[in-house]
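Enquirer: fold the following, please.
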Amino acid sequence: MTSITALADLASAAACPRLVVKVGSSLLVDAKGPRRAWLAALVAEIAAAKARGQQVIVVSSGAIALGAGTLRLGKGGRGSLADAQAAAAVGQIALSGLWAELLAGHGIVAAQILLTLDDLEDRRRYLNAAATLSRLLEAGAVPVINENDSVATQEIRFGDNDRLAARVAQAARADAVLLLSDVDGLYDRHPAEAGAVLLPVVNGITDEVRAMASARSGSGMGSGGMVSKLQAAEIAARAGIALAIGNGQPASPMARVTGEGIGTLFLPARATTARRAQKAWLGGRLRLRGVLTIDAGAAAALGTGSSLLARGITGVSGSFSRGDAVAIHGAGGAVLAHGLSEYDAGECAALIGHHSSQHAAILGYAPRSAIVHRDQLVLL
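Expert: This next block holds a predicted model:
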């Protein structure tokens, strides 16, 4: 379970060693172009977070808005999918260059990653993205992530960077997400209505909480709204990750959220570890590519928290590659677990019933530790 209990904890290296910060389009870009002075102040806050021992990942909107201005496209570049893709292709160059330049002023290396929904739904690509994020953070870089709008289609795109930030946090095993937007947080009704009250802490997303949300985006520049932010909070909660919403419009917005406590903090409702919740997310949302049937001994071992080894496998079906999701069935056909295979289907078939010491001779290369590692497996 996350150790974060208050907004101030997001500025603590002990409580929040790894933080994802999402920046909305309306904060980065106005009618005149990029808000360079504002972004420079935010970058200084990110540098301060790194100086106190935190690792920071940025999910940055703004490419479409920047490109739309350059190409002189109406409706902020969102008049059509083709316009959005063209604007993103132009704007992403400017956006990434701006982040790289300002971070370099603090001696920090920026790294650009462009993602589509399919990159995090396809497990092989998910594993690659997670590994890349981990290595970049270990090397001291700040990954700057945006949806790959230049190639995404309506069917596969996230549609907003709030949910993308939550997905990235899961892949990176972050401790918290901070959504900087054009609102202070979640109110008990639309903030424009009289008597609206800002909620400082929300324990779990309930139907009552959902009823408080409005889908309207105040700036008209982004694609989200409070509904998408609640969806992001739910995604984060499944992985035991805290999520906060704060107003990014003032100068030094991170300090306003963590120092003055102005915002809304969403806490996971259930007392579960991030690792277990992450595995539940990995297991519950996957298209299963195949089936591994196991014997009683292997089934008993899985129940004690062990990985799935080839020696306990009795059958392989389906067509899958390394990183794909597979179902694990018992001898009687009952579904025991879902997990990510460390081998493709042909390799699994070749290894059926064999001890780990025999794998190298069978495969012709040094084997991995398990067919399905316990960290990538969830019991059902």
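
Enquirer: give me the low-pLDDT residue ranges for the stretch 51-200 of the chain?
Expert: Applying pLDDT under 70 to the stretch 51-200 of the chain picks out residues 123, 154-159.

Enquirer: what's the mean pLDDT across stretch 268-276?
Expert: Stretch 268-276 carries an average pLDDT of 55.

Enquirer: ranges for the helices of the stretch 151-300 of the chain?
Expert: Remark: helices assigned in the stretch 151-300 of the chain by DSSP state H, counting those that start in this stretch are 161-172, 207-210, 226-238, 253-260, 274-284, 296-303.

Enquirer: of all those, which lies closest to Ala111?
Expert: Ala111 sits nearest to helix 161-172 of all those, at 12.5 Å, using Cβ to Cβ. Heads up, the C-betas are built off the backbone N, CA and C, glycines and all.

Enquirer: give me the residues contacting that closest one.
Expert: 18, 20, 22, 24, 57, 59-61, 115, 120, 126, 129-130, 133-134, 137, 145-147, 158, 174, 176-177, 179, 222, 224, 228-229, 231-233, 235-236, 238-239, 241, 243, 278, 281 (Cβ atoms under 8 Å, 6 or more residues apart in numbering).

Enquirer: among those residues, which ones are buried?
Expert: Among those, those buried by neighbour count (16 or more other Cβ atoms under 10 Å) are 18, 20, 22, 24, 57, 59-61, 115, 120, 126, 129-130, 133, 137, 145-147, 158, 174, 176-177, 179, 222, 224, 228-229, 231-233, 235-236, 238-239, 241, 243, 278, 281.

Enquirer: quick one on the thing from earlier: can you add distance to Ala84 and give the helices of the stretch 151-300 of the chain back as TSV?
Expert: As requested, the helices of the stretch 151-300 of the chain are arranged in TSV below (distance: least, Cβ to Cβ, whole Å):
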stretch	distance to Ala84
helix 161-172	13
helix 207-210	28
helix 226-238	16
helix 253-260	26
helix 274-284	28
helix 296-303	45
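
Enquirer: and Gly53, which of those helices is closest to it?
Expert: When the helices of the stretch 151-300 of the chain are compared (using Cβ to Cβ), the closest one is helix 253-260, at 14.8 Å.

Enquirer: can you give me the buried ones in that closest one?
Expert: Pro253, Met254, Arg256, Val257, Thr258.

Enquirer: turn the residues you listed into a markdown table, columns for distance to Val316.
Expert: Shown next, in a markdown table, are the buried residues of helix 253-260 (distance: Cβ to Cβ, whole Å):
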| residue | distance to Val316 |
| --- | --- |
| Pro253 | 52 |
| Met254 | 50 |
| Arg256 | 55 |
| Val257 | 50 |
| Thr258 | 50 |
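
Enquirer: alright, calling it a day.
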